[in-house]
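**Q** okay, sequence plus prediction incoming.
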Amino acid sequence: MSILYGFYEADSGEIRINGEPVRIRSSREAISHGIGMVHQHFMLVPPLSVLENVMLGAEGGPLLAEGAGLIRKRLAELGREYGLEVNPNAIVGELSVGLQQRVEILKALVRGADILVLDEPTAVLTPAEADQLFEMLRVLKGERKTIIFITHKLREIMSLTDRVSVMRRGEMVATFDTDKTSPPELADAMVGRKVILKIDKGPAHPGRIALEARNLVVRDDRGVVRVDGVSFILREGEILGVAGVAGNGQSELLEALAGMRPPSAGEILVDGELLTHVQSNPRAERLIGIGHVPEDRHRVGLIMPFEACESAMLGFHQERVYGRGMLFDRRAIIADAQSKMKAFDVRPPSPLLKTANFSGGNQQKIVLAREIERNPKILLVGQPTRGVDIGAIEFIHKRIVAQRDAGKALLLVSVELDEIFALSDRIIVLCAGRITGERRPEDTNAQDLGLLMAGVSERAA
Amino acid sequence: MDLFNAFIVVFASGIRLGTPLILACLAGLWSERSGVVDIGLEGKILVGAFGSAAVATFTGSVWLGLLGGVAATIAVSLIHGYASIDQRANQIVSGTAINMVADGMTALIGNAIWSQGGRTPELPAYAQFQTIELPFARAFGSVPIVGPIYERLISGHDLITYAAFLLVPLTYWALYSTRFGLRLRAVGENPAAVDTAGISVRALRYGAVMICGVLVGLAGVYLVLSQEAYFQPHMSAGRGFIALAALVFAKWRPWPALATCLLFGFLDAVAIRMQGVELPVIGPVPVQAIEALPYILTVVLLAGFIGKAIPPKASGIPYVKER
Amino acid sequence: MSSPLRPLPIWADVALIPLINVAAAFVISGFVVLAIGENPLEAVQILITGALGDLEGIGFTLYYATSFIFTGLAVAICFHAGLFNIGVEGQAYVAGLGAALAALHLGFLPGYSLVIVAIIGAALFGAAFAFIPGYLQAKRDSHIVITTIMFNYIASALMGYLLVNVLREPSQMNPETPTFSVYGQVPQFHELLTPLGIHWPVTPFNLSFLLALAAAFAVWVVIWRTRLGYEIRTVGANATAAVYGGISPARVTIVTTLLSGALAGGMAVNVILGEEHRLILEYTAGFGFVGIAVALMGRAHPVGIILAAILFGILYQGGAELAFEKPKISRDMIVVIQGLVVLFAGALEHMFRRPVAVLLARRTTSPPI
């Protein structure tokens, strides 16, 4: 998509528009070929007005006054034709997300786009706003515009599109005519049929409730609600898998549970006791026995320029084992890291090596070692095998199951369905911040989960 | 009437003291609105001042002096631009370096050429900007109140001062009514939006940095060709930083920038005027308190106690295309 | 965009690139000397002779270096937390007030305990003056670069007022305090060594140098061997990871600026308590800004800072000699070098990376001749 819009140039292959091969080396060229793009993260300038945002790059002359009149007129026309009314003098930053998206679409149309590319356009919209968007897109289709609509939600595909291609790991795996396919068939194609990872895993023996979430609501940095009233329980001795397409609130849920992001509503209970405001921070949660393997080891879980032994104590650096008083005991730190690295087979087992110099799998093992060796009651695990080689995946999976067998309560967030299937004793599926279903792995299959992940809730399915 | 006259004198002096601030502040405005933070204004004023003094001394031409000063600051601005835009350097470090190099280099070269401890020879009157008397200034002078205001406050400044005042509406117009201005405001807030609109972020920022060079160069030129008639080491005396403070105080907008710079200029004029004056009850005026006022006001504003000064969102951050 | 290159070997990263950067600054300085019609090699010779040629020169060199170690450490400790403290100049200036107030008004303290209290006073005042920008950065998101610049000028105005109107002795013309008693002074080396029969010329080189070395060691311990230092480095390297690790970036920011201000106070110990023995107007003379160059050149590591501080000490002392012998090369040359060091070791630090990487790659891939 970025290639199509000239952000990157393709290494090989070609792009044809109306049968003509074209080269797109910059956004400017993409625009001149009639491609208009609505990015998931809007390319808008919040303090500027709608008119100014629409004009940017299409001013029609060195002075704004000339072009402004024309564009104002064009905006009014487009507003009437497609139901895209928006006040041209409004400040974009003060508009609702839905209206901001409308400005993005108007930007493309004013530039004369014939091909409109929308990247996950409904991710940030309310259902009502999404319906309005569809209405508008149907009108545009009627005006002979080409629309490329990128989404993971099957309902949207089925209701809006004429043809659908399924992309998986950078590859087009299938193309269907929408009226000749069905949600189950699409879900199959989406999920794929990979070699199912086999893990020797006995039956779970769930015990007491270790963690409970009640109607959690969590917002992201921009204030958008990402977790919308989620409730679940997690028992000792079980692995609860949280499945979902990336960006459907799993990250925010994990961060809220780990105390990194205060929920804006709802309650978290640990061992039946309400987590107080004071306890809702990473340090306090570690002290009451909640371990957290974050989704992103580069950005969150490790400190890349630090020595491995220093990364291996992040979050626990206040503990007595690392020295008395203010001073660290370097030997204790190195010895501790060494024993963790040995226990988790980190290679090379060199505590003084810079964290960044380890392979992805070994970095991840350092994080896991740090969190597991501290013997937490509850372990929150996010994307444990992202960017990790096959050998390490197996190792990490075994360790996670071993934790379950030791009676720990584990919450596993993963976008890899195979991983969810291989490890989970129970699965909840998140879509757009809500739980769309709960399953046991033995009672479900990839197609069923795919439907839930795509927002086809149980009643509809 | 004496009080009135005193006011006129102080206000006129405030305008003169405010002129380099206005120019430097507008320079900073252009640069920072495009996303390039410039704490090197102080050094650039020195470079502009020295450049104009050197060229005017050698050529005896006020106009070549002006060109020399402006050309020198553009060159320095391009160094900052290269570091900030192409090398993606820490813009604060780059600005600091420019302040140091400018401070040392101007004094060093001045001393090497003229052997007067860095001072340049005093320029003859024809190599300086002369004050301009506006039409009928003298005739109007006798009209009560309005007359003296016209004659001594509005009339009687030099070309650069009038230019500085004209540059404020010009900047406002360019920023809000031209294509370049729109793109510039956009690039300082969200360069990705500008990039995806098919516009070069790099070219815009270089353009802004060059405009900054011209304007801050004029501030330096003013110090030499309008005020002192010679260059002296460190003669910028913190004006670049006051201009920076004014920029923050004006929240990066042209008209408030003018008002703030005039206010700071007047404070300076008052401080000079009050030197050694004993007021009833208060006693000797703590001149330093007046001098420190611009800085204190700016900190209070930055702390968010009176409104909030929010800089352009992308300022100080090098632009890197993201996936 | 540039194609990815293999990462450089560690030795190139830690030693070669910084050396090239500093060398570039000096080569350009050489051209500047050449341009004003002097011989740079001769200039270097005069400079080094002036700074290191005899004990007197060495004494002055180390005296300057002492100030630079303190200001360099003050800047560097903030670097570790990802903060840019341009206010070391003002913090050192106000620290002088703390030192002077204690030395002048606590004369009842027995013996040299007075000077120790004065040293603490310097650190406290420096820290207190750094606290406000630190607090505003941590809690109100006011950019510390701008606030510390403002605070430099506020310090200048405040101290100017106090020295002219409050602290000056009525009989004195100069805006300065009375001279401290001998117990309010940090002893100079010649005073200590002469009774022992060791010859040491009269220079301002004083015991503060040892304090500076101790401070450098202490900074090393704090940064790399304590929990606080770990938190400082974590916040500087990755604030998100810090939050994940239960570290409060706001708290770390405030603590770091306090430490930085206290270190800046070390300069007051060296100059005010160690040499001037009274508080004088604008005594900092831009040495706070030299700290920026020292910290960048020393790569924020105490050992690097000591070396860079001594280099700048050589430049300041030798520069004075040079200006005396070659009037064309005034002491401003040192400020030029300082600025070029900041430019090449700081702003343009990656400029030579690519050429070096290309060169190294070519060397390792080309067949041996």
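**A** Sure, I can see it. Numbering: from 1, shown residues only, chains lettered A, B, ... in the order given.
**Q** quick one: average pLDDT of stretch C:216-223?
**A** The average pLDDT within stretch C:216-223 is 97.
**Q** same deal with stretch C:287-303?
**A** 94.
**Q** and stretch C:325-337, by the same measure?
**A** Here the average pLDDT along stretch C:325-337 is 92.
**Q** wait, does that stretch contact chain B?
**A** Yes: using CB under 8 Å from any CB of the partner chain, we find that stretch C:325-337 touches chain B at C:327-330, C:332-337. All C-beta atoms are positioned from the backbone trio N, CA, C, and that covers glycine.
**Q** want to throw these into JSON lines with neighbour count and secondary structure?
**A** Putting the residues of stretch C:325-337 next to chain B into JSON lines (neighbours: other CB atoms under 10 Å in any protein chain shown; DSSP: H, G, I helix; E, B strand; the rest coil) gives the following:
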{"residue": "C:Pro327", "neighbour count": "12", "secondary structure": "coil"}
{"residue": "C:Lys328", "neighbour count": "18", "secondary structure": "coil"}
{"residue": "C:Ile329", "neighbour count": "26", "secondary structure": "coil"}
{"residue": "C:Ser330", "neighbour count": "24", "secondary structure": "coil"}
{"residue": "C:Asp332", "neighbour count": "24", "secondary structure": "helix"}
{"residue": "C:Met333", "neighbour count": "28", "secondary structure": "helix"}
{"residue": "C:Ile334", "neighbour count": "27", "secondary structure": "helix"}
{"residue": "C:Val335", "neighbour count": "28", "secondary structure": "helix"}
{"residue": "C:Val336", "neighbour count": "24", "secondary structure": "helix"}
{"residue": "C:Ile337", "neighbour count": "25", "secondary structure": "helix"}
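**Q** of the residues you listed, closest to A:Phe306?
**A** Distance to A:Phe306 across the residues of stretch C:325-337 next to chain B (CB to CB) is lowest for C:Ile337, with 33.7 Å.
**Q** run the chain-centre distance for stretch A:219-235.
**A** Distance, stretch centre to chain centre, for stretch A:219-235: 13 Å (CA atoms, centre = their mean, to the nearest Å).
**Q** same question, stretch B:291-306
**A** 19 Å.
**Q** just stretch A:98-109 next, same as before
**A** Going by CA atoms, centre = their mean, where stretch A:98-109 is centred and where its chain is centred differ by 23 Å.
**Q** next one: stretch C:248-263
**A** 17 Å.
**Q** can you list the neighbours in contact with it?
**A** Residues from elsewhere that reach stretch C:248-263, judged by CB atoms under 8 Å, 6 or more residues apart in numbering or on different chains: C:70-71, C:73-75, C:77-78, C:80-81, C:83, C:85, C:88, C:91, C:95, C:123-124, C:126-131, C:133-135, C:137-139, C:144, C:215, C:219, C:222, C:228, C:231-232, C:235, C:239, C:242-243.
**Q** report the two of the residues of stretch C:325-337 next to chain B separated the most.
**A** Most distant of these, by CB to CB, are C:Pro327 and C:Ile337, 18.0 Å apart.
**Q** list buried residues within the contacts of stretch C:248-263.
**A** Those of the contacts of stretch C:248-263 that meet the buried threshold are C:70-71, C:73-75, C:77-78, C:80-81, C:83, C:85, C:88, C:91, C:95, C:123-124, C:126-130, C:133-135, C:137-138, C:144, C:215, C:219, C:222, C:228, C:231-232, C:235, C:239, C:242-243, by 16 or more other CB atoms under 10 Å in any protein chain shown.
**Q** in helices, which of these fall?
**A** Using DSSP state H, the subset of the buried ones among the contacts of stretch C:248-263 located in helices is C:70-71, C:73-75, C:77-78, C:80, C:88, C:91, C:95, C:123-124, C:126-130, C:133-135, C:137-138, C:144, C:215, C:219, C:222, C:228, C:231-232, C:235, C:239, C:242-243.
**Q** residues near the residue in chain C that chain A sits nearest to, how many?
**A** Closest to chain A within chain C is C:Gly246: 2.8 Å, counting by CB to the nearest CB. Each residue near C:Gly246 was counted by other CB atoms under 10 Å in any protein chain shown, and the total is 21.
**Q** right, and it touches A:Arg283 too?
**A** Yes: judged on CB atoms under 8 Å, C:Gly246 makes contact with A:Arg283 at a distance of 2.8 Å.
**Q** shared neighbours of these two, anything?
**A** In contact with both C:Gly246 and A:Arg283: A:315, A:318, using CB under 8 Å, 6+ apart.
**Q** how about the residues of chain B that lie near chain A?
**A** B:176-183, B:185-186, B:189-190, B:192-199, B:313, B:321, B:323.
**Q** now do A:Glu143 against A:Tyr5, distance only.
**A** 22 Å (CB to CB, to the nearest Å).
**Q** hang on, A:Ser2 in a strand?
**A** No: looking at A:Ser2 with DSSP: H, G, I helix; E, B strand; the rest coil, it is coil, so not inside a strand.
**Q** is it true that it touches A:Glu9?
**A** No: at 9.9 Å, A:Ser2 does not count as touching A:Glu9 under the criterion of CB under 8 Å.
**Q** which one of those two has more residues nearby?
**A** A count of neighbours by other CB under 10 Å puts A:Ser2 above the other of A:Ser2 and A:Glu9, at 16 against 11.
**Q** near chain C, which residues of the stretch 51-200 of chain B?
**A** B:79, B:83, B:87-90, B:92-94, B:96-105, B:107-109, B:111-113, B:115, B:117-118.
**Q** wait, the stretch 101-250 of chain A
**A** So the stretch 101-250 of chain A never meets chain C (CB under 8 Å from any CB).
**Q** find the closest residue to chain C in the stretch 101-250 of chain A.
**A** Counting by CB to the nearest CB, the stretch 101-250 of chain A gets nearest chain C through A:Asp221, at 11.1 Å.
**Q** which secondary element of chain B has the worst mean pLDDT?
**A** strand B:283-284 (a mean of 72; mean pLDDT, DSSP states H and E).
**Q** got the CA positions of the helix or strand C:Ser260 falls within in PDB?
**A** C:Ser260 is part of helix C:249-268, with elements assigned from DSSP states H and E. Only the C-alpha atoms of helix C:249-268 are listed here, as PDB (Å, rounded to 0.1, in the frame of the first residue of the first chain):
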ATOM      1  CA  PRO C 249      10.500   9.700  34.700                       C
ATOM      2  CA  ALA C 250       9.300  12.800  36.500                       C
ATOM      3  CA  ARG C 251      11.000  11.900  39.700                       C
ATOM      4  CA  VAL C 252      14.200  11.000  37.900                       C
ATOM      5  CA  THR C 253      14.200  14.200  35.900                       C
ATOM      6  CA  ILE C 254      14.000  16.300  39.100                       C
ATOM      7  CA  VAL C 255      16.600  14.300  41.000                       C
ATOM      8  CA  THR C 256      19.000  14.500  38.000                       C
ATOM      9  CA  THR C 257      18.700  18.300  37.600                       C
ATOM     10  CA  LEU C 258      19.300  18.700  41.300                       C
ATOM     11  CA  LEU C 259      22.500  16.600  41.100                       C
ATOM     12  CA  SER C 260      23.500  18.600  38.000                       C
ATOM     13  CA  GLY C 261      23.000  21.900  39.800                       C
ATOM     14  CA  ALA C 262      25.000  20.700  42.700                       C
ATOM     15  CA  LEU C 263      27.900  19.600  40.400                       C
ATOM     16  CA  ALA C 264      27.700  23.000  38.800                       C
ATOM     17  CA  GLY C 265      28.300  24.400  42.300                       C
ATOM     18  CA  GLY C 266      31.700  22.700  42.200                       C
ATOM     19  CA  MET C 267      32.900  25.500  39.900                       C
ATOM     20  CA  ALA C 268      32.100  28.000  42.600                       C
END
